[in-house]
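Engineer: Any chance you can model this:
(one chain, ligands or ions: 1)
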Amino acid sequence: MAQYSRVSGTVGLITLLNPPVNALSAAVRQGIVDTLDKALSDRKVKSVVICGHNGKFCGGADIREFSSPLTGPPLIPLIQGVESAAKPVVAAIDGVALGGGLELALGCHYRIAHSKARLGLPEVHLGLLPGAGGSQRLPRLIGVPAALDLITTGRHVTGAEALQLGLVDKVTDRNTVDEAVKFALSVADQPPNSRRVSTFPCPRHPDLDALFEGAMQRVRQRARGALAPVACVQAIRAAATLPYAQGMERERELMATLFTSGQARAQQYHFFAQRAVGRWSMPSGARWDTTKPGAVHKAMVIGLGTMGRGISVALVQAGVSVVAMETNEKQLMEAKQAISSMLERGAKRRGVAPALDKIRYSWNMEPAADVDLVIEAVFEDMALKKKLFQQLSALCKPGTFLCSNTSGLDVDQLASETRHPELVVGMHFFAPAHVMKLLEVVYGSRSSPQAVATAMELGKRMGKVSVAVGNCRGFVGNRMLKPYLEQAFFLLEEGTTPEFVDQVLEEFGFAMGVFRMSDLSGLDVGWRVRKADGLLNVSEGHSARIRQGCRYSPLGDLLCEQGRFGQKTGRGWYQYDKPGGRVAKPDPWLHGFLEKFRTQHGLVAHRIDHQEVLERCLYALMNEGFRILEDGIAAGPEDIDVIYVLGYSWPPHRGGPMFYAGMVGLQKVLERLEHYHQEHPDIPSLKPCNLLRKLVVNGSPPVHKWREFLKKPQSQL
Ligand SMILES: CCCCCC/C=C/CC(=O)SCCNC(=O)CCNC(=O)[C@H](O)C(C)(C)COP(=O)(O)OP(=O)(O)OC[C@H]1O[C@@H](n2cnc3c(N)ncnc32)[C@H](O)[C@@H]1OP(=O)(O)O
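Structural biologist: Numbers count the residues shown, from 1 in each chain. Below is the predicted model:
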């Protein structure tokens, strides 16, 4: 679908028409071929403008078409056809020019962009590279270093930055299409020969080897095990070192490998999963499209530790007026300073003025009377939170939403302290809260659909991907983390080391293995929770390694008793050169401690291999994911996968734990869990859950069909 008209007498105007983002579907590509043909064969037409309908140039290839065989004209020759046109072709870039959309613009002879348009080659996030000539044209136009940056990060640039990079010829704050038409009129007589980017020599660089080596190292470190960023660097290297035709051949080969890789499928699944979670529903039948969120103009954040500060910043940046509250005056002053500098840094990055006037500070609760929504981010202590909710309920004006940033406490208990439990929801942010993209919105048994809609909408305004989940211990993310951590501890007891477990998990793609992560976040966090749960009281005559009839590992508790809290104390599962040190080194003390522990408990160390570490940690985590689906805590596997990729550094090229279970094969996951459960009958988290069995019995359907096997929510509407 592309519309054609002649404007200003001699300009052929081609408008891509495929809402919402004018993706290059087969019909759009056919439309471009047909309309370009029309424009080039019309003698009255002297130049051509390509634009997109409804203020959006083009969001790239139609990702939904990637899973079926190609139909319609392929993109590479289409763009070649635009570039080789004898009449000047101008791209009028409004809204977005991404992926194949920007590649189409690179095939045009001139590019005019709105200053606020967003341009980029984000294919790397879909497990691909810019495979319609983008990897070959972009370095020729803006140079190798800038092309490496844009293509390997997939970041978007504004029209204004694009002009500085030399990616566009002109920016405007006016109507882009009108400006492009004027421009097309002005260049109508100039033959476009010298404007064909594919004919440009790639700008020289003094040390290409060092440049590419550095780039390769960076991408390998940033996304361990991901194929696409590596292929992007290889394709750009081809652009820098080979003639265009050979570079295109290399681009094609690399793209073919990526296109058929499981990684591309996983990342494309993740793209759509991120959008699917916005279409939330509750067991009551309430849904995203039938529930109106409440208005939030003014919010209060209570507790200004790391989380409260990040949440305040994120709210201010979303345009919400904030009252930030902390009872201790010294801490309040420190928080004020920290928040101001975070706001200033953020504003500088975005090239805007810091909205310092949007936030005020209070050491008492009185301002709560006048806000639309409160987020408490105090210490993770139920008694403290309950008291706060009682006070808030008495203080706030009718209709104020009360939210808790708890990472796993019972939202229903908090709600029961208030006069209006329907206004209470969990808003579980991830640290640092102004940076991390994930928000778990937790509905309790009495949360109203409007409270959920309000928190979801507020999350969106804050630039988060919000996922609505049910109320249970640890919600989705932390509930699944428990069996994963547990397995890691058990593996240490049985004979391995933190270094080996971490190495296996990092090779899988996690940014950090479980023990390095535990050292970073602090071993004392879990210790406090276990203490509060009464797990540290070993009654006489009971084994230190059993709680409530199940296997329990006291290793974490024993380290905490020694004051080994991780990085902050300079000792944890590893040793650091000083408290607060960052570089983890294996600790001989810990190895000795593990040996003593095994002897003391009659455990004989055995050799644990790579496969066992991976399967026991990951399959236990996935098994809990199936239980979460079975319990209706998450509405579908996409919710779990988005939470894990965005909140728990699950590698995006593996889609998420539930998608990965499908990739491994549900039958295999089931068999391995059965095997490990037989070996360890005292570990309930290894017992395969019923939903997994049910899916296997039903032929292991693909992940997008799993919802058909879940209990239907009971509609009360
Ligand atoms: C050997 C083969 C050679 C092939 C060569 C060609 C290869 C080309 C590579 C590509 O072009 S890959 C695509 C590159 N483009 C992107 O990655 C952009 C993806 N889209 C976005 O980032 C965003 O959607 C947006 C364009 C910035 C708009 O964001 P906004 O927040 O405004 O809206 P969304 O909710 O994200 O999207 C609305 C709606 O549109 C769907 N959609 C968006 N982009 C595409 C697309 N490229 N293809 C298909 N569908 C797309 C999105 O899924 C939403 O719909 P939904 O129903 O809610 O899911």
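
Engineer: Could you confirm Val469 falls within a strand?
Structural biologist: Yes: assessed with DSSP: H, G, I helix; E, B strand; the rest coil, Val469 lies in a strand.

Engineer: what about the closest residue to Ala160 other than its chain neighbours, how many neighbours?
Structural biologist: Nearest non-adjacent residue to Ala160, counting by Cβ to Cβ, 6 or more residues apart in numbering: Ser115, 4.8 Å away. Where you see a C-beta, it was placed from the backbone N, CA and C, and this is true even at glycine. Neighbourhood size, Ser115 [other Cβ atoms under 10 Å]: 16.

Engineer: Looks like Ser115 contacts Val171 (just checking).
Structural biologist: Yes: with contact defined as Cβ atoms under 8 Å, Ser115 counts as touching Val171 (4.6 Å).

Engineer: which residue does the stretch 201-350 of the chain bring closest to the ligand?
Structural biologist: Arg275 (3.7 Å; Cβ to the nearest ligand atom).

Engineer: in the helix or strand where that residue lies, what counts as buried?
Structural biologist: Using DSSP states H and E, Arg275 maps to helix 262-276. Residues Gln263, Ala264, Arg265, Ala266, Gln267, Gln268, Tyr269, His270, Ala273, Gln274, Ala276 are the ones in helix 262-276 that count as buried (16 or more other Cβ atoms under 10 Å).

Engineer: Of these, which is the nearest to Val664?
Structural biologist: Among those, Ala266 lies closest to Val664 (Cβ to Cβ), at 11.9 Å.

Engineer: That closest one and Ala184: what is the separation?
Structural biologist: Between Ala266 and Ala184 the computed distance is 42 Å (Cβ to Cβ, to the nearest Å).

Engineer: which phi and psi does the residue nearest to Ala160 have?
Structural biologist: When read as degrees, to the nearest 10, the backbone of Ser115 gives phi -60, psi -20.

Engineer: Would you mind listing what in the protein touches the ligand?
Structural biologist: Contacts of the chain with the ligand, taken as Cβ under 6 Å from any ligand atom, map to 20-21, 23, 59-64, 75, 96, 98-100, 122-123, 126, 128, 131-132, 255, 259, 272, 275.

Engineer: And these, which of them are buried?
Structural biologist: Buried members of those, counted by 16+ other Cβ under 10 Å: 21, 23, 59-63, 75, 96, 98-100, 122-123, 126, 128, 131-132, 255.

Engineer: Show me what the strand or helix carrying Ile14 pairs with in its sheet, parallel or antiparallel.
Structural biologist: Per DSSP H and E, Ile14 falls inside strand 11-16. Within its sheet, strand 11-16 is paired with strand 2-7 (antiparallel), strand 47-52 (parallel), according to DSSP bridges.

Engineer: what's the following helix or strand after the last one?
Structural biologist: Translated: strand 47-52. Taking DSSP H and E, what comes next after strand 47-52 is helix 75-83.

Engineer: what packs against the helix or strand following that next one?
Structural biologist: Of the helices and strands lying after helix 75-83 in sequence (DSSP H and E), the nearest is strand 89-93. In terms of contacts (3 or more Cβ pairs under 8 Å, 6 or more residues apart in numbering; DSSP states H and E), strand 89-93 is packed against strand 47-52, helix 100-107, strand 110-114, helix 176-186.

Engineer: what does strand 89-93 rub up against?
Structural biologist: Contacts to strand 89-93, defined as Cβ atoms under 8 Å, 6 or more residues apart in numbering, come from residues 36, 47-51, 57, 82-83, 97, 104-105, 107-114, 117, 119, 159, 168, 176-177, 179-181, 183-184, 187, 192.

Engineer: any idea of the angle that strand forms with strand 47-52?
Structural biologist: Angle of strand 89-93 versus strand 47-52, following axes from the mean of the first three to the mean of the last three Cα atoms, to 10 degrees, is 30 degrees.

Engineer: ok, the residue nearest to Lys358 when sequence neighbours are not counted to Gly308 distance?
Structural biologist: If the residues on either side of it in the chain are set aside, Lys358 comes closest to Val316, at 4.7 Å by Cβ to Cβ, 6+ apart. Computed as Cβ to Cβ, the Val316 to Gly308 distance reads 13 Å.

Engineer: Give me the most central residue, the chain.
Structural biologist: Geometric centre of the chain, nearest residue: Leu646, 3.7 Å, by Cα atoms, centre = their mean.

Engineer: ok, now how distant is it from Gly662?
Structural biologist: For Leu646, the distance to Gly662 - Cβ to Cβ - is 19 Å.

Engineer: Cys560 now?
Structural biologist: Counting by Cβ to Cβ - Cys560 and Gly662 are separated by 38 Å.
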